[in-house]
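In: Could you work out the structure for the sequence below:
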Amino acid sequence: MALKAQFSERGSSQSAASAMPSIYDTHLCREPANDVPMLIRNGPDEYTALLRTLQRSADYFAEKDHTRAVERLQLEIARVHMQNKRWDRAARVLVSLSQTLSWRRAGWWVLLEEMDWALRDCARRIGDLQTLIAVEWELMCSHLTPRQDWHYDFSKVIDGIKTSNPRPKTIIRAENTLSCISATFAFATTEGRVGVLLASQLILTSCAHEDSTPILVSQIKVTFEGGLKSINIQHDSTEEPKASTSDGLGHLYHVSLQKASSDARSLPSSPNSSNGSQPLAGFADLEICPGVTKALSLNHIPRDPGDVEVASITLCISENDFDMEVVITEQEQMHQETLLFSGPLGLLPKKAKVGRSSVVKILPKPPKMQIQAHGMSPKYFTDEEISIEIEITNEEEEETNISIEARLVAPSGILPTLRWASDGDGDSREVLTEDPLNSSGTDSSPKSIGDLAPMANRTYTLHIQGSPVAADYVLEVKARYHVLSDPETPIIKSFSTKVAVVPPFEADHSFLPRIHSEPWPSYFNADDLKENSSTDAGEREVAKGLAQRWSLTSRIVSLANVPLIIESVETQVVEIHEGAICSISSASEDSFAASMISPNDLQAHDFIILAQKSDLEDRRSTFLDLRLEVKWHRDGFRGPPTATHLSVPELVIPFGEPRVLASARRGNAPPGAIYLDYVIENPSMYALPFLLTMDISEEYAFSGPKNVTVQLVPLSQYNVRYIILPHAKGLWISPQFRVFDTHFQKILKVNATEGMRSDKKGVSIWGCCHSTARDEEESSPYSPSNAHGDSSSRAITSAPTQQLPDTSSPRTSSQNPEISQRSRTRRNLALGEQFNAPLRPHVWTAKKQWSRSQLDRERQEFFDTRVTGHTEIWATLKVVVGLLADGDITTAQSMLDAAAITVPTGDLKNGAYDEAGNLYQIPEHIISDPQNVVLDQQEEIKNGEVSNEATDDDETIERKREEKGKSVLKTGDMIKVRARLSDRGGPDVVIALGKDQVVRTLVRRVQEEANMTGNGKVRIAYMGKILKDGETLQAQGWREGHVVNALVFHV
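Out: Numbers count the residues shown, from 1 in each chain. Next up is the predicted model:
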């Protein structure tokens, strides 16, 4: 441009070249006039070439990211357009430049002023009224140098320009212009509460030239993000300021905000008497002279809790010929550092709150509604319907309108449904979850209570459907209400409590074969059976295949902490695989009578299963899927019983292999003899030879074949009887009877039936010869009283083997004399039982010093190095030792009974036996601690350091180490956890925690920060899941920055 100006002044390139000083050599770099010869010519080529050169320069500097150089070249391009009367092109370049101009942000007012006057000239020439109004607004700002011959009157910016209908309207973004009026907003406090007046100020400051006319703002609109309604402040010249500064440049107005109505000047008397989201309106004198500041004091009533910030401030200016709006959205432009307050000396400034002045946190209104749950049980049981009484008490000073809703939260699994009982308990509302397997909680429908007077209360019943699985649920009850005088301020009161659901029973099962009394079908009549097995269509299928009889014994243990009444126990068939018909009946012919089962008590129930193949040629094994249905209720309950289903492991009934069944009964002659029968079955379609052998023994004498070979035709059974005469009574004897299949070259296993036991030695029977008639009648398993050993319900705990000593301490040295006397008394045991005594703690004194740490190491090494016996027996004994150390003898005895482990003396020191009779010996220092055990902390006392950490739990140790300064955490290992308490509206509690610290530490810190006292307990929940106290947050999926829920339980 300077080159062109030089050309214009000197006229020609030759004169320019002759006028340049010749103090430098030009043989390598020609003169600019010679390098660009087309510029010396007048006409359109000169205009086009100059634009091309400037644009190439701008593109070059744009690639180098030289923004200000590019902007300067764009201004030169616009000047070239203006010199050539291309006003529209110049306006397009300048408008684009004005929107992204860096000079405005950097404060380069001279260049900005140059660009604005050029843009004003172009806009006025092409009639672009919106651009003209926007640039005139910026030229009114006092940051730009005023022109002496110019009268600044914003109301006359488009005088002399013909306007169209409708009148022009311009919207200006404050971040893209230099406004001559600034608008800032500041809240008086950093926090507010729902329903409580919140003070704030809207401050308008004029930055116009001193000699400019006043600017009239017709309306100001303020919008918020959060729980505040928008505000519309209209101009009213009659409004007088409440206070002013001595120089008259500062004024304070108190604006009364009310609901807007159809009549702008007629407002309701109360701001709470209108509906919905209608904005609040107020009036103030909005005519602003140059250099004047007007502060508008506003009072809001927040309706919803949460963070609130100013979203935008809009200044509306309405002149005779046009309308304009200035929209401010950037928080930096709305920030106000000082507030104006009236004092004795006039209007005084006061520093605003720290941080962003346009942001405030609205806290919920403290609820005074009380929620209590009555009729809660410490534990509920699966499949049991739960009823909880929810009491609502209104402690507000005014009458309220309330609705309540309940929510059940669980970590995972199936969630039961909730329903509120109606007043008559007839029709009740129920809400089912669409997908309970994938949801973290179920909600009940809100129940409207209606109006509740002060200090009045009402009670409603909440029904929870029986949960099919055991889980720890959290019941959350929320009361949403408002006082009748302020219906637009909702208040929420939350209450949560734990609902623990545990299984009432568990069961183990034994499945043993029994002898079927009915004969098998004859192999020679098999063709007739095939013809008779076919039935007409619609008739029930008749099974014609092989039949077997089995016994299922289910031992049910009560896990409840209260006595329960069992009304019935039935075995149900879920599914039968591989073509068979199955019938199940109770082993007892008597009808089932309701019985009470005490905590940790055990009952055995026997069932007879008859399985028969549908087809005679079918030899596949049959698989049974069964379940046990127990109908029960609590003691004193007057309602329908609860049905609990216990799964039974899959049962396999083989039909294709030969088998041997042994049975025994007491014989009449000679006295004390036992009749021992062996039944050999051949279910195959082949004739099989078997070699039967009975070995002699010193324990008994027998009568019967010693060696015999039998040939069994297909589908046949063979019975061989031996008369056994034991040489000694009260001992288990094992007849060595073997059946050798000579066809398949293998020995068949002998299966024990009623009154017998089976172990590694084979089948064993109880020897009882030389007994008196009374002894035989009472003790023999073959007596008439024990002929039917499969009773439908017998309480195992009524036998002496399940009576436990009543001891308060696991380490006491005194023994119960009744137990000692009972252990010395001779017991008449059944044939299938081993001698057993109730378990008792082992008390002893060591001859050497043992410390607890040494004993723990010895126990760990002992159980880890066992190579004899069965691994599962050693594992059970290890658990039993731990239970004895904790004093839980009842659970320890149940563990031994479940694993069929007997302790003849009741003291593990004397050894324990498994079901096969194997002895398991445990040293006494493994069983229990000696009475003179040396504590580990005594070693520290000897060294001069006293520490109680050895006897404290993990949480106490960690707290003591923090108090002593021993717990050192690096800054990089610290995380900040924000916990939100469920029993209050806020604020959240922020805890600094180490990454390796567990949830239990977080719970303690939350209780300390929240000043929780009394019987309140806290559980941490995250993403709908109750976190485990013994693990870290990050190990359970928590991510830094996320909020956890602190569920407060009042017990």
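In: ok, which stretches of the stretch 351-500 of the chain are strands?
Out: 359-363, 369-374, 380-381, 386-394, 400-409, 418-420, 429-431, 441-443, 447-452, 457-464, 471-483, 491-502 (DSSP state E, counting those that start in this stretch).
In: strands paired with the second one, and their directions?
Out: In this case it means strand 369-374. strand 386-394 (antiparallel) (DSSP bridges).
In: Convert the C-alpha atoms of the strand it pairs with to CSV, please.
Out: This file holds the C-alpha atoms of strand 386-394, laid out as CSV (Å, rounded to 0.1, in the frame of the first residue of the first chain):
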residue,chain,number,x,y,z
ILE,A,386,-42.1,-58.9,54.5
SER,A,387,-44.5,-56.3,56.0
ILE,A,388,-43.0,-53.1,57.4
GLU,A,389,-45.0,-50.4,59.1
ILE,A,390,-43.9,-46.9,57.9
GLU,A,391,-44.8,-44.0,60.2
ILE,A,392,-44.8,-40.4,58.9
THR,A,393,-44.8,-37.6,61.5
ASN,A,394,-45.2,-34.0,60.5
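In: what angle separates it from strand 400-409?
Out: For strand 386-394 against strand 400-409, the angle by axes from the mean of the first three to the mean of the last three C-alpha atoms, to 10 degrees is 150 degrees.
In: which residues touch strand 386-394?
Out: 368-376, 380, 400, 402, 404, 406, 421, 449, 452-464, 466, 475, 477, 479, 499 (C-beta atoms under 8 Å, 6 or more residues apart in numbering). Heads up, the C-betas are built off the backbone N, CA and C, glycines and all.
In: I'd like to know the average pLDDT value across it.
Out: Computed over strand 386-394, the mean pLDDT rounds to 92.
In: heads up, I number from 20, so please use that
Out: Got it, first residue is 20 now, which makes that one strand 405-413.
In: relative to strand 476-483, how tilted is it?
Out: 150 degrees.
In: and strand 405-413, how far out from the chain's middle?
Out: Relative to its chain's centre, strand 405-413 lies at 25 Å (C-alpha atoms, centre = their mean, to the nearest Å).
In: next one: stretch 1010-1030
Out: 19 Å.
In: Equivalent analysis for stretch 647-657, please.
Out: A distance of 32 Å separates the centroid of the chain from that of stretch 647-657, by C-alpha atoms, centre = their mean.
In: how about that stretch: buried residues?
Out: For stretch 647-657, the neighbour count (16 or more other C-beta atoms under 10 Å) marks 647, 649-653 as buried.
In: What about the residues you listed, which are in strands?
Out: With DSSP state E as the criterion, strands contain 647, 649-653 from among the buried residues of stretch 647-657.
In: Would you convert those into CSV that also reports pLDDT and distance to Leu221?
Out: Output for these, formatted as CSV (pLDDT from 0 to 100; distance: C-beta to C-beta, whole Å):
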residue, pLDDT, distance to Leu221
Leu647, 93, 75
Val649, 93, 72
Lys650, 93, 72
Trp651, 92, 70
His652, 90, 69
Arg653, 90, 66
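In: Which one of those is nearest to Ala1040?
Out: Arg653 (30.0 Å; C-beta to C-beta).
In: Among the contacts of strand 405-413, the buried ones, what's the ChimeraX command?
Out: Per 16+ other C-beta under 10 Å, the buried members of the contacts of strand 405-413 correspond to this ChimeraX selection:
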select :387,388,390,391,392,399,419,421,423,425,440,468,471,479,480,481,482,483,485,494,496,498,518
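In: Name the next helix or strand downstream of the longest helix along the chain, please.
Out: In the chain, taking DSSP state H as the definition, the longest helix is helix 63-82. Beyond helix 63-82 on the C-terminal side, the first helix or strand identified by DSSP states H and E is helix 86-102.
In: coming back round to it: with distance to Glu306 as extra columns, can I get the strands of the stretch 370-519 of the chain in CSV?
Out: Listed next are these as CSV, based on distance: least, C-beta to C-beta, whole Å:
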stretch, distance to Glu306
strand 378-382, 30
strand 388-393, 50
strand 399-400, 72
strand 405-413, 51
strand 419-428, 46
strand 437-439, 60
strand 448-450, 59
strand 460-462, 55
strand 466-471, 49
strand 476-483, 58
strand 490-502, 41
strand 510-521, 43
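In: Which of those strands comes out lowest on mean pLDDT?
Out: Here the lowest mean pLDDT among those goes to strand 448-450, at a mean of 43.
In: I'd like the distance between the spatially closest residue to Pro324 that is not a sequence neighbour and Pro321.
Out: Leaving out its chain neighbours, the residue that sits closest to Pro324 by C-beta to C-beta, 6 or more residues apart in numbering is Pro383, at 4.2 Å. Counting by C-beta to C-beta, to the nearest Å, the gap from Pro383 to Pro321 is 10 Å.
In: Of all the residues in the helix or strand Arg1038 falls within, which ones are buried?
Out: Assessed by DSSP H and E, Arg1038 sits inside strand 1035-1041. With burial defined by 16+ other C-beta under 10 Å, the residues of strand 1035-1041 counted as buried are 1037-1041.
In: Could you do stretch 399-416 as well?
Out: 399-403, 405, 407, 409, 411-413, 415.
In: Put together a markdown table for these, with distance to Cys160 on each row.
Out: Shown next, in a markdown table, are the buried residues of stretch 399-416 (distance: C-beta to C-beta, whole Å):
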| residue | distance to Cys160 |
| --- | --- |
| Tyr399 | 73 |
| Phe400 | 78 |
| Thr401 | 76 |
| Asp402 | 78 |
| Glu403 | 77 |
| Ile405 | 72 |
| Ile407 | 68 |
| Ile409 | 64 |
| Ile411 | 61 |
| Thr412 | 62 |
| Asn413 | 59 |
| Glu415 | 54 |
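In: List just the nearest of the residues you listed to Pro523.
Out: Looking across the buried residues of stretch 399-416 and measuring by C-beta to C-beta, the closest to Pro523 is Phe400, at 4.0 Å.
In: Can you measure across stretch 97-113, start residue to end residue?
Out: End-to-end distance for stretch 97-113, by C-alpha to C-alpha, to the nearest Å: 7 Å.
In: And the contacts of it?
Out: Contacts of stretch 97-113 (C-beta under 8 Å, 6+ apart): 20, 66, 69-70, 73, 93-94, 96, 116, 134, 137-138, 140-142, 144-145, 147, 150.
In: try 10 Å
Out: Contact with stretch 97-113 is made by 20, 23, 63, 65-67, 69-70, 73, 93-96, 114-116, 120, 133-135, 137-147, 150, 154, as judged by C-beta atoms under 10 Å, 6 or more residues apart in numbering.
In: swap in stretch 500-508?
Out: Outside stretch 500-508, the residues that touch it by C-beta under 10 Å, 6+ apart are 212-215, 248, 289-295, 320-323, 383-384, 386-388, 411, 413, 415-423, 468, 470-471, 473, 509-512.
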